[in-house]
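[1] The sequence and its predicted three-dimensional model are supplied below.
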Amino acid sequence: MSQQTKPTPPSQSPDAHSADALDNSDYLRIALRRSHQVVYDWSLKDDALRWDDALGDTFEFLASRDLNTGRKFHALIEDEGAALRQNLARNPSPEIDTFQIEYQILGEDGPCWVEDRGARFFDADGRPDRIVGYLQVISERKKREARLDYLISHDELTGHLNRTRLRERLDAMIRQLESSERTGAYFTIGVDDLAIINSEYGFDVADEVLVAISDRLSDAVSPSDKIGRVAGNKFGIIVGSCAADDMVPLAQSLIDAVHESVVDTSAGPISVSISVGCVLLPVLAEDSKQAMVRAEEALDRAKRKGRGSVAAHNSSTEVESIRRRNAAIADSVVSALNDRRIQLAYQPIVCARSFEVAQYECLIRMIRPDGVVEPAGNFIPLAEQLGLIRLLDRRALEIAIETLQRHEDIHLGINVSGVTATEALCIEGYLAHVEAYPNLAPRLTVEITETSALRDLEQSVQFIHRLRELGCKVAIDDFGAGFTSFSYLKSLEVDCVKIDGSFVRGLANKPDNQLFVRTLVDLARNLGIETVAEFVATREEVDLLAGYGVEYLQGYYFAEPTMDLEAALGVAAPPEQKPEQKQAANS
């Protein structure tokens, strides 16, 4: 049973002596004091200002002040509030007989918001003669109102505009661009695989990542550009001045700004990336709704290319042109598979201490009918979109098996896509082909990217386990290009981790990347996992990586990929014996 506190009788009040000694005005004065209100009487003819004796209790910073005139009191009020009170003293309109205004009194510890309520009295000539009112402190209320106003317009987590306010700014910007005949741009930024970060680390850490990304985006754009959070894992940016040719490079600079270093969180360093969709304003969007929809569509296309990609909305003519080009590439891939024009290029992976070749990574290549080699970046992303990648994976495995049969003293590493590693039918066909060559499996390392492994972690674990049962080794490729969860490495039971090249390029000048590599190497060593650094281009990087304990190195510093395996077999000599111009060209 709860206890109720009895009201304190007036005789026990600190500001009264006994109930018998109090008249009605005393009770009123006590009530005002307890509610933090102060009564005043302002005579306008002589500017005399009288206060009740609660002034110093309610406004401690005014206790020592001599505020016996309106002029002295107004000197402590911010300009707008002083002007409001002076208008009350001068305005002859008898209709304004009561008032309610708000203003700030400037104190030593900062401004204090007050509400000023009262009544005006007039002389025989109809002029304001006296103002009687009371002041009440409302600072806490104003703080709450300001907070609510802020939340109406801003995202609470990042402090940027929310979707509604960003849309209003976007409409206004489009109108300005139309009237000035200038061009700008709207970007939709998607955080890659934020759901996986939530799953692996928890929502608190994911929030830390979002805040860090929003800060990096802010630093990467002009102060006049507007940033908003338009969805849980998406930001929008309005760029007020942007030429058509500058839009995609600007989007790429945003991607680089986010991915150039890991994000330090309470759970440790996490590497993140973003993808960007963009639309030119007002050329390809006449209002905010159209701009946001088209940027979202472009973002979807960017994500289909892979993490850290950018795509721009195009006019209908350009879209049709892209579709025709994609169809032509798809036909080229199918024709190349049928004509056996899909081949492998080999790049050595060397021991960090001796520079002796430990194995060769097999990189897929497509030969056009005219003999020109088609770069993988021109057809692999589209093959993934169209479901052709599983055929390329199977063909690459077949060539690797044939190569292992011809060369009994080499080891090969071969890449496999996320489709092959996580879809049941693809897995069974792939494993059946490996199982048919049990004597070759121990010389084969299957590389699966970090992002692909985590897209369906359970299926990936099963695929890796079965590969190892057949005698293959398994490597996680591009580690760090995803969100880099160290926690799952043990559960995957891989043999090797390949450090993504973005952490190796320019390593000597990037302390954050150095910390990431050292942390990864120490963890991998404790788990009995070997490490390979990709994209090694300089001697300085070689020395740093070897000093950190990285076991194997791969990159142009040692050799470029070549489809001539016999040439690749002759690169075991230390790089100091290679021509200096080759090292410079590949750095």
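    That came through fine.
[2] Wait, Gln252 touches Val310, no?
    Yes. Using CB atoms under 8 Å, Gln252 is in contact with Val310, at 5.7 Å. All C-beta spots, glycine's among them, are computed from the backbone N, C-alpha and C.
[3] Show me where the protein dips below the pLDDT cut-off.
    1-36, 315-323, 455, 481-487, 570-587 (pLDDT under 70).
[4] Domain map for it?
    Under the assignment automatic domain parsing, the domains of the chain span 10-144, 156-314, 340-586.
[5] Is the closest residue to Lys234 other than its chain neighbours in a helix, a strand, or coil?
    Once flanking residues are discounted, Lys234 sits nearest to Gly190: 5.2 Å by CB to CB, 6 or more residues apart in numbering. Of the three states, Gly190 takes strand according to DSSP: H, G, I helix; E, B strand; the rest coil.
[6] In JSON lines, list the domains of the chain along with mean neighbour count.
    Putting the domains of the chain into JSON lines (neighbours: other CB atoms under 10 Å) gives the following:
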{"stretch": "domain 10-144", "mean neighbour count": "15"}
{"stretch": "domain 156-314", "mean neighbour count": "19"}
{"stretch": "domain 340-586", "mean neighbour count": "18"}
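[7] for those domains, which one sits closest to Arg325?
    domain 340-586 (9.2 Å; CB to CB).
[8] Name the residues contacting each of Gln252 and Val310.
    Val276 (CB atoms under 8 Å, 6 or more residues apart in numbering).
[9] And the spatially most central residue of the chain, which helix or strand is it part of?
    Geometric centre of the chain, nearest residue: Ile213, 2.9 Å, by CA atoms, centre = their mean. When elements are assigned from DSSP states H and E, Ile213 belongs to helix 203-220.
[10] Quick one: work out the angle between whatever helix or strand comes next after that helix and helix 203-220.
    Counting by DSSP H and E, the next helix or strand C-terminal to helix 203-220 is strand 226-231. Going by axes from the mean of the first three to the mean of the last three CA atoms, to 10 degrees, strand 226-231 is angled at 150 degrees with respect to helix 203-220.
[11] just how off-centre is the helix or strand following strand 226-231 within its chain?
    Downstream of strand 226-231, the first helix or strand assigned by DSSP H and E is strand 234-239. Distance of strand 234-239 from its chain centroid, counting by CA atoms, centre = their mean, to the nearest Å, is 11 Å.
[12] Now do the helix or strand following strand 234-239: everything it contacts.
    Remark: after strand 234-239, the chain's next helix or strand is helix 244-259, criterion DSSP H and E. Where contact means CB under 8 Å, 6+ apart, the residues beyond helix 244-259 that reach it are 183, 185, 187, 189, 213, 216-217, 219-221, 237, 239, 242, 271-276, 278, 280, 283, 308-310, 312, 502.
[13] Which parts of the stretch 51-200 of the chain are strands?
    Ranges of strands within the stretch 51-200 of the chain are 98-107, 110-122, 128-137, 161-162, 184-191, based on DSSP state E, counting those that start in this stretch.
[14] I'd like those as TSV, with distance to Val38 appended.
    Output for these, formatted as TSV (distance: least, CB to CB, whole Å):
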stretch	distance to Val38
strand 98-107	11
strand 110-122	9
strand 128-137	5
strand 161-162	40
strand 184-191	52
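[15] what's the closest of these to Phe479?
    Closest of those to Phe479 is strand 184-191, at 18.9 Å (criterion: CB to CB).
[16] Against which helices or strands is that closest one packed?
    Contact analysis of strand 184-191 by 3 or more CB pairs under 8 Å, 6 or more residues apart in numbering; DSSP states H and E lists helix 163-180, helix 203-220, strand 234-239, helix 244-259, strand 274-281, helix 288-305 as its packing neighbours.
[17] Relative to it, what are the paired strands and their orientations?
    strand 234-239 (antiparallel), strand 274-281 (antiparallel) (DSSP bridges).
[18] Now Arg50. Its backbone dihedrals?
    Main-chain torsions, Arg50, degrees, to the nearest 10: phi -110, psi 140.
[19] What's opposite it in the beta bridge?
    Asp41.
[20] quick one: contacts for it?
    Arg50 is in contact with Tyr40, Asp41, Trp42, Ser43, Asn68, counting by CB under 8 Å, 6+ apart.
[21] With distance to Arg325 added, can I get the domains of the chain in TSV?
    Listed next are the domains of the chain as TSV, based on distance: least, CB to CB, whole Å:
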stretch	distance to Arg325
domain 10-144	57
domain 156-314	12
domain 340-586	9
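[22] Out of those domains, flag the one nearest Val333.
    Closest among the domains of the chain, using CB to CB: domain 340-586, at 5.4 Å.
[23] So for Leu489, which of the helices and strands packed on strand 184-191 sits nearest?
    Closest among the helices and strands packed on strand 184-191, once you apply CB to CB, is helix 203-220, at 17.4 Å.
[24] quick check: angle from the closest one to helix 244-259?
    Helix 203-220 runs at 140 degrees relative to helix 244-259, counting by the same axes, to 10 degrees.
[25] let's have the chain start at 92 instead
    Right, with 92 as the first residue, what we last looked at is helix 294-311.
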